[in-house]
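A.B. asks: Show me the folded form of this:
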Amino acid sequence: MANANIVVQETARPVVRASRAAPSKKVRFTVGTVLVNAILILLVVLTIVPFLYMMFSAFKPNTEIFGTPITFFPQNPTFENVQSLIANFPFARWAFNTVIVAVVGSLLSVLLSSLAGFAFAKYEFRYKNVLFMLMLATLLIPNQVLLVPQFEVVRTLGWFNTYEGLIIPRAVGAFGIFLMRQYTVSLPSELLDAARIDGATEFGIWWRIVLPLVRPGLAVLGILSFTGLWNDFFWPLIITTDPSMFVVNLGISSLVGPYDYQYGILLSGTLLACLPVIIIFLFFQRQFIAGFTEGAFKG
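C.D. replies: Here you go, the predicted structure:
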(Lines give C-alpha, C1' and ligand atoms only; values in the text may rest on other atoms or scores of the structure.)
Protein backbone atom coordinates (compact mmCIF):
# COMPACT_ATOMS: atom_id res chain seq x y z
CA MET A 1 0.00 0.00 0.00
CA ALA A 2 2.79 2.38 0.80
CA ASN A 3 4.41 1.72 -2.52
CA ALA A 4 1.11 2.29 -4.28
CA ASN A 5 0.62 5.59 -2.55
CA ILE A 6 4.09 6.68 -3.58
CA VAL A 7 3.37 5.83 -7.19
CA VAL A 8 0.10 7.77 -7.15
CA GLN A 9 1.74 10.80 -5.63
CA GLU A 10 4.51 10.78 -8.19
CA THR A 11 2.11 10.49 -11.13
CA ALA A 12 -0.10 13.27 -9.74
CA ARG A 13 2.67 15.83 -9.79
CA PRO A 14 2.10 18.53 -12.41
CA VAL A 15 4.59 18.65 -15.18
CA VAL A 16 6.20 22.05 -15.45
CA ARG A 17 7.75 22.87 -18.79
CA ALA A 18 10.28 25.58 -19.18
CA SER A 19 8.91 28.30 -21.37
CA ARG A 20 11.03 29.31 -24.27
CA ALA A 21 11.58 32.93 -24.94
CA ALA A 22 10.11 34.08 -28.22
CA PRO A 23 12.81 34.70 -30.74
CA SER A 24 13.37 38.37 -31.34
CA LYS A 25 12.58 39.63 -34.82
CA LYS A 26 15.46 41.44 -36.38
CA VAL A 27 14.74 44.25 -38.77
CA ARG A 28 16.52 43.56 -42.01
CA PHE A 29 17.46 46.41 -44.25
CA THR A 30 17.85 45.42 -47.86
CA VAL A 31 19.05 47.56 -50.71
CA GLY A 32 15.53 47.71 -52.15
CA THR A 33 13.98 48.82 -48.85
CA VAL A 34 16.55 51.56 -48.34
CA LEU A 35 16.12 52.75 -51.92
CA VAL A 36 12.31 52.87 -51.68
CA ASN A 37 12.43 54.74 -48.37
CA ALA A 38 14.96 57.21 -49.75
CA ILE A 39 12.74 57.90 -52.77
CA LEU A 40 9.69 58.38 -50.53
CA ILE A 41 11.57 60.77 -48.26
CA LEU A 42 12.75 62.74 -51.29
CA LEU A 43 9.20 63.00 -52.62
CA VAL A 44 7.93 64.18 -49.22
CA VAL A 45 10.65 66.84 -49.06
CA LEU A 46 9.93 68.02 -52.61
CA THR A 47 6.23 68.29 -51.72
CA ILE A 48 6.45 69.86 -48.28
CA VAL A 49 9.32 72.34 -48.70
CA PRO A 50 7.64 74.52 -51.41
CA PHE A 51 4.44 74.65 -49.36
CA LEU A 52 6.33 75.63 -46.19
CA TYR A 53 8.24 78.30 -48.10
CA MET A 54 4.95 79.70 -49.43
CA MET A 55 3.44 79.64 -45.94
CA PHE A 56 6.36 81.45 -44.31
CA SER A 57 6.74 83.93 -47.18
CA ALA A 58 3.12 85.00 -46.74
CA PHE A 59 4.25 86.73 -43.55
CA LYS A 60 7.30 88.44 -45.06
CA PRO A 61 7.36 92.07 -46.21
CA ASN A 62 8.01 92.59 -49.91
CA THR A 63 11.51 93.87 -49.22
CA GLU A 64 12.40 90.57 -47.61
CA ILE A 65 10.73 88.49 -50.32
CA PHE A 66 12.78 90.17 -53.06
CA GLY A 67 15.87 90.65 -50.91
CA THR A 68 19.09 88.69 -50.97
CA PRO A 69 20.15 86.35 -49.58
CA ILE A 70 16.91 84.38 -49.75
CA THR A 71 15.62 83.44 -46.30
CA PHE A 72 13.36 80.49 -45.55
CA PHE A 73 11.89 81.82 -42.30
CA PRO A 74 10.62 85.42 -42.02
CA GLN A 75 13.07 87.71 -40.28
CA ASN A 76 10.43 90.35 -39.57
CA PRO A 77 7.03 88.60 -39.50
CA THR A 78 4.08 90.77 -40.46
CA PHE A 79 0.36 90.39 -41.19
CA GLU A 80 0.43 93.31 -43.62
CA ASN A 81 -0.08 91.08 -46.66
CA VAL A 82 -3.21 89.43 -45.24
CA GLN A 83 -4.62 92.78 -44.12
CA SER A 84 -3.96 94.33 -47.52
CA LEU A 85 -5.59 91.37 -49.29
CA ILE A 86 -8.78 91.62 -47.25
CA ALA A 87 -8.93 95.42 -47.27
CA ASN A 88 -8.12 96.14 -50.92
CA PHE A 89 -9.61 93.14 -52.71
CA PRO A 90 -13.00 91.35 -52.48
CA PHE A 91 -11.39 88.24 -51.02
CA ALA A 92 -14.34 87.63 -48.67
CA ARG A 93 -16.69 87.56 -51.68
CA TRP A 94 -14.39 85.16 -53.52
CA ALA A 95 -14.26 82.89 -50.47
CA PHE A 96 -18.05 83.00 -50.12
CA ASN A 97 -18.51 82.01 -53.77
CA THR A 98 -16.06 79.14 -53.37
CA VAL A 99 -17.79 77.85 -50.25
CA ILE A 100 -21.18 77.90 -52.01
CA VAL A 101 -19.82 76.09 -55.05
CA ALA A 102 -17.84 73.49 -53.08
CA VAL A 103 -20.50 72.70 -50.46
CA VAL A 104 -23.53 72.61 -52.76
CA GLY A 105 -21.61 70.83 -55.51
CA SER A 106 -20.26 68.14 -53.19
CA LEU A 107 -23.72 67.55 -51.68
CA LEU A 108 -25.25 67.17 -55.14
CA SER A 109 -22.42 64.88 -56.18
CA VAL A 110 -22.91 62.63 -53.15
CA LEU A 111 -26.69 62.41 -53.50
CA LEU A 112 -26.91 62.03 -57.27
CA SER A 113 -23.99 59.62 -57.53
CA SER A 114 -25.33 57.40 -54.74
CA LEU A 115 -28.78 57.41 -56.36
CA ALA A 116 -27.38 56.42 -59.75
CA GLY A 117 -25.06 53.86 -58.15
CA PHE A 118 -28.04 52.34 -56.34
CA ALA A 119 -29.90 52.00 -59.63
CA PHE A 120 -26.97 50.34 -61.41
CA ALA A 121 -26.33 47.99 -58.48
CA LYS A 122 -29.80 46.83 -57.45
CA TYR A 123 -32.12 47.28 -60.44
CA GLU A 124 -32.41 45.25 -63.61
CA PHE A 125 -33.34 47.17 -66.72
CA ARG A 126 -32.66 46.92 -70.41
CA TYR A 127 -29.14 47.74 -71.60
CA LYS A 128 -27.97 48.32 -68.03
CA ASN A 129 -24.50 46.89 -68.60
CA VAL A 130 -24.13 48.75 -71.89
CA LEU A 131 -25.02 52.06 -70.26
CA PHE A 132 -22.67 51.37 -67.38
CA MET A 133 -19.75 50.60 -69.71
CA LEU A 134 -20.47 53.69 -71.81
CA MET A 135 -20.46 55.76 -68.64
CA LEU A 136 -17.10 54.30 -67.60
CA ALA A 137 -15.75 54.99 -71.08
CA THR A 138 -16.21 58.71 -70.47
CA LEU A 139 -13.40 58.47 -67.90
CA LEU A 140 -11.02 57.94 -70.82
CA ILE A 141 -12.02 61.26 -72.41
CA PRO A 142 -9.90 64.25 -71.32
CA ASN A 143 -11.83 67.06 -69.67
CA GLN A 144 -10.53 69.51 -72.25
CA VAL A 145 -12.42 67.64 -74.98
CA LEU A 146 -15.71 68.20 -73.15
CA LEU A 147 -15.20 71.91 -72.55
CA VAL A 148 -16.73 73.05 -75.84
CA PRO A 149 -19.99 71.02 -75.48
CA GLN A 150 -20.33 72.09 -71.84
CA PHE A 151 -19.64 75.69 -72.79
CA GLU A 152 -22.38 75.60 -75.43
CA VAL A 153 -24.88 74.11 -72.97
CA VAL A 154 -24.09 76.77 -70.36
CA ARG A 155 -24.34 79.51 -72.98
CA THR A 156 -27.70 78.22 -74.22
CA LEU A 157 -29.11 78.08 -70.70
CA GLY A 158 -27.81 81.55 -69.86
CA TRP A 159 -25.71 80.38 -66.93
CA PHE A 160 -22.73 82.66 -67.42
CA ASN A 161 -21.66 84.35 -64.16
CA THR A 162 -24.12 82.25 -62.12
CA TYR A 163 -23.83 79.63 -59.41
CA GLU A 164 -25.74 77.21 -61.63
CA GLY A 165 -23.03 77.37 -64.26
CA LEU A 166 -20.30 76.84 -61.68
CA ILE A 167 -21.98 73.96 -59.85
CA ILE A 168 -24.22 71.84 -62.08
CA PRO A 169 -21.71 70.87 -64.83
CA ARG A 170 -19.36 69.64 -62.10
CA ALA A 171 -21.97 68.15 -59.77
CA VAL A 172 -21.83 64.52 -60.90
CA GLY A 173 -19.37 62.36 -62.77
CA ALA A 174 -18.71 58.81 -63.88
CA PHE A 175 -16.18 58.15 -61.13
CA GLY A 176 -18.63 59.05 -58.37
CA ILE A 177 -21.33 56.80 -59.83
CA PHE A 178 -18.86 53.94 -60.22
CA LEU A 179 -17.60 54.36 -56.64
CA MET A 180 -21.08 54.36 -55.13
CA ARG A 181 -22.15 51.44 -57.30
CA GLN A 182 -19.24 49.39 -55.92
CA TYR A 183 -20.35 50.11 -52.37
CA THR A 184 -24.03 49.45 -53.02
CA VAL A 185 -23.64 46.21 -54.97
CA SER A 186 -22.31 44.42 -51.86
CA LEU A 187 -25.46 45.13 -49.84
CA PRO A 188 -27.69 42.05 -49.40
CA SER A 189 -30.72 42.16 -51.67
CA GLU A 190 -32.73 40.29 -49.03
CA LEU A 191 -32.53 43.33 -46.77
CA LEU A 192 -34.02 45.55 -49.47
CA ASP A 193 -36.71 42.98 -50.28
CA ALA A 194 -37.68 42.82 -46.61
CA ALA A 195 -38.08 46.59 -46.59
CA ARG A 196 -40.33 46.39 -49.66
CA ILE A 197 -42.47 43.77 -47.94
CA ASP A 198 -42.81 46.12 -44.96
CA GLY A 199 -44.19 48.78 -47.30
CA ALA A 200 -41.13 50.96 -47.82
CA THR A 201 -40.98 52.96 -51.04
CA GLU A 202 -37.98 52.80 -53.35
CA PHE A 203 -36.93 56.29 -52.31
CA GLY A 204 -37.37 55.33 -48.66
CA ILE A 205 -35.18 52.26 -49.14
CA TRP A 206 -32.45 54.39 -50.67
CA TRP A 207 -32.74 57.14 -48.06
CA ARG A 208 -33.21 55.08 -44.89
CA ILE A 209 -31.32 51.87 -45.65
CA VAL A 210 -28.82 52.29 -48.47
CA LEU A 211 -27.33 55.66 -47.53
CA PRO A 212 -26.51 54.75 -43.89
CA LEU A 213 -24.87 51.50 -45.00
CA VAL A 214 -22.64 53.15 -47.62
CA ARG A 215 -21.52 55.97 -45.35
CA PRO A 216 -17.77 55.30 -45.88
CA GLY A 217 -18.21 55.69 -49.62
CA LEU A 218 -20.18 58.89 -49.12
CA ALA A 219 -17.33 60.28 -47.01
CA VAL A 220 -14.73 59.47 -49.67
CA LEU A 221 -16.81 60.91 -52.50
CA GLY A 222 -17.73 63.99 -50.47
CA ILE A 223 -14.11 64.83 -49.64
CA LEU A 224 -12.94 64.24 -53.22
CA SER A 225 -15.77 66.35 -54.63
CA PHE A 226 -15.21 69.18 -52.16
CA THR A 227 -11.47 69.38 -52.81
CA GLY A 228 -11.97 69.14 -56.56
CA LEU A 229 -14.54 71.95 -56.63
CA TRP A 230 -12.54 74.09 -54.22
CA ASN A 231 -9.37 73.77 -56.30
CA ASP A 232 -11.11 74.15 -59.67
CA PHE A 233 -9.70 76.97 -61.77
CA PHE A 234 -10.14 76.29 -65.47
CA TRP A 235 -13.94 75.99 -65.56
CA PRO A 236 -14.60 79.18 -63.53
CA LEU A 237 -12.09 80.95 -65.77
CA ILE A 238 -14.21 80.09 -68.82
CA ILE A 239 -17.71 80.98 -67.62
CA THR A 240 -17.15 83.86 -65.20
CA THR A 241 -16.19 87.37 -66.24
CA ASP A 242 -17.81 89.29 -63.38
CA PRO A 243 -15.27 89.80 -60.53
CA SER A 244 -18.09 89.45 -58.00
CA MET A 245 -18.58 85.83 -59.16
CA PHE A 246 -14.90 84.86 -59.03
CA VAL A 247 -13.90 81.89 -56.90
CA VAL A 248 -10.79 82.06 -54.73
CA ASN A 249 -8.35 80.59 -57.25
CA LEU A 250 -9.58 82.81 -60.05
CA GLY A 251 -9.52 85.87 -57.81
CA ILE A 252 -5.95 85.18 -56.70
CA SER A 253 -4.83 84.81 -60.32
CA SER A 254 -6.31 88.23 -61.06
CA LEU A 255 -3.82 89.74 -58.61
CA VAL A 256 -1.02 89.00 -61.06
CA GLY A 257 -0.70 92.04 -63.30
CA PRO A 258 1.32 92.43 -66.49
CA TYR A 259 3.93 94.62 -64.80
CA ASP A 260 3.30 94.48 -61.05
CA TYR A 261 3.65 91.27 -59.07
CA GLN A 262 2.41 91.62 -55.50
CA TYR A 263 4.01 88.45 -54.26
CA GLY A 264 3.27 89.07 -50.60
CA ILE A 265 -0.47 89.46 -51.20
CA LEU A 266 -0.42 86.63 -53.74
CA LEU A 267 1.23 84.21 -51.30
CA SER A 268 -1.07 85.18 -48.44
CA GLY A 269 -4.11 84.56 -50.66
CA THR A 270 -2.71 81.20 -51.72
CA LEU A 271 -2.19 80.24 -48.09
CA LEU A 272 -5.74 81.20 -47.14
CA ALA A 273 -7.07 79.24 -50.13
CA CYS A 274 -5.20 76.10 -49.04
CA LEU A 275 -6.23 76.15 -45.39
CA PRO A 276 -9.85 74.88 -45.72
CA VAL A 277 -8.84 71.83 -47.73
CA ILE A 278 -6.01 71.00 -45.32
CA ILE A 279 -8.27 71.39 -42.28
CA ILE A 280 -11.01 69.22 -43.79
CA PHE A 281 -8.55 66.46 -44.65
CA LEU A 282 -6.99 66.55 -41.17
CA PHE A 283 -10.40 66.21 -39.54
CA PHE A 284 -11.73 63.51 -41.86
CA GLN A 285 -8.58 61.63 -42.84
CA ARG A 286 -9.59 58.57 -40.79
CA GLN A 287 -12.95 58.30 -42.58
CA PHE A 288 -11.26 59.02 -45.90
CA ILE A 289 -8.66 56.27 -45.52
CA ALA A 290 -11.18 53.81 -44.04
CA GLY A 291 -13.58 54.47 -46.90
CA PHE A 292 -10.93 53.88 -49.54
CA THR A 293 -9.69 50.74 -47.76
CA GLU A 294 -13.19 49.32 -47.47
CA GLY A 295 -14.00 50.25 -51.04
CA ALA A 296 -11.01 48.26 -52.27
CA PHE A 297 -12.78 45.04 -51.25
CA LYS A 298 -16.22 45.95 -52.59
CA GLY A 299 -17.84 44.55 -55.68
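
A.B. asks: Please make it C-alpha for all contacts and neighbour counts, starting now.
C.D. replies: Will do.

A.B. asks: so what's V154 up against?
C.D. replies: Contacts for V154 were tallied using C-alpha atoms under 8 Å, 6 or more residues apart in numbering; they are F160, G165.

A.B. asks: tell me the mean pLDDT for the helix or strand harbouring it?
C.D. replies: Following DSSP states H and E, one finds V154 within helix 143-157. The average pLDDT for helix 143-157 rounds to 90.

A.B. asks: So which elements touch the helix or strand following that helix?
C.D. replies: Moving toward the C-terminus from helix 143-157, the next helix or strand (DSSP H and E) is helix 163-167. Identification of packing neighbours for helix 163-167 by 3 or more C-alpha pairs under 8 Å, 6 or more residues apart in numbering; DSSP states H and E yields helix 91-122, helix 234-239.

A.B. asks: Would you mind giving the secondary structure of P212?
C.D. replies: helix (DSSP: H, G, I helix; E, B strand; the rest coil).

A.B. asks: mind checking how far it is from L108?
C.D. replies: When C-alpha to C-alpha, to the nearest Å is applied, the distance between P212 and L108 equals 17 Å.

A.B. asks: and if you look at I86?
C.D. replies: Relative to L108, and taking C-alpha to C-alpha, I86 is found at 31 Å.

A.B. asks: Looking at these two, which is more packed in?
C.D. replies: The neighbour comparison of I86 against L108 (other C-alpha atoms under 10 Å) goes to L108, with 19 against 14.

A.B. asks: Let me know the helix or strand that the residue nearest to the spatial centre of the chain is in.
C.D. replies: Centroid-nearest residue in the chain: L224, 3.1 Å away (criterion: C-alpha atoms, centre = their mean). Element membership of L224, judged by DSSP H and E, is helix 215-231.

A.B. asks: Any stretches of the chain with poor pLDDT?
C.D. replies: Low-confidence segments of the chain, defined by pLDDT under 70: 1-29, 257-260, 288, 291-299.

A.B. asks: switch the cut-off to 50
C.D. replies: Within the chain, the segments meeting pLDDT under 50 span 1-12, 15-16, 18-19, 23, 299.

A.B. asks: Compute the first-to-last residue distance for stretch 62-80.
C.D. replies: Its start and end residues considered, stretch 62-80 measures 10 Å (C-alpha to C-alpha).

A.B. asks: in it, what's buried?
C.D. replies: N62, E64, I65, P74, E80 (16 or more other C-alpha atoms under 10 Å).

A.B. asks: Tell me if the second one really is in a helix.
C.D. replies: Just to be clear, that refers to E64. Yes - counting by three-state DSSP, E64 is part of a helix.

A.B. asks: residues touching it, list them.
C.D. replies: With C-alpha under 8 Å, 6+ apart, E64 has these contacts: I70, T71, P74, Q75.

A.B. asks: Relative to N129, how far out is it?
C.D. replies: Going from E64 to N129 by C-alpha to C-alpha gives 61 Å.

A.B. asks: One more: the first one?
C.D. replies: Look at N62 and N129: by C-alpha to C-alpha, they are 59 Å apart.

A.B. asks: One more: the fourth one?
C.D. replies: Separation of P74 from N129 (C-alpha to C-alpha) stands at 59 Å.

A.B. asks: What residue, apart from its backbone neighbours, is nearest T78 spatially?
C.D. replies: Distances taken as C-alpha to C-alpha, 6 or more residues apart in numbering put F59 closest to T78, at 5.1 Å, once the chain neighbours are dropped.
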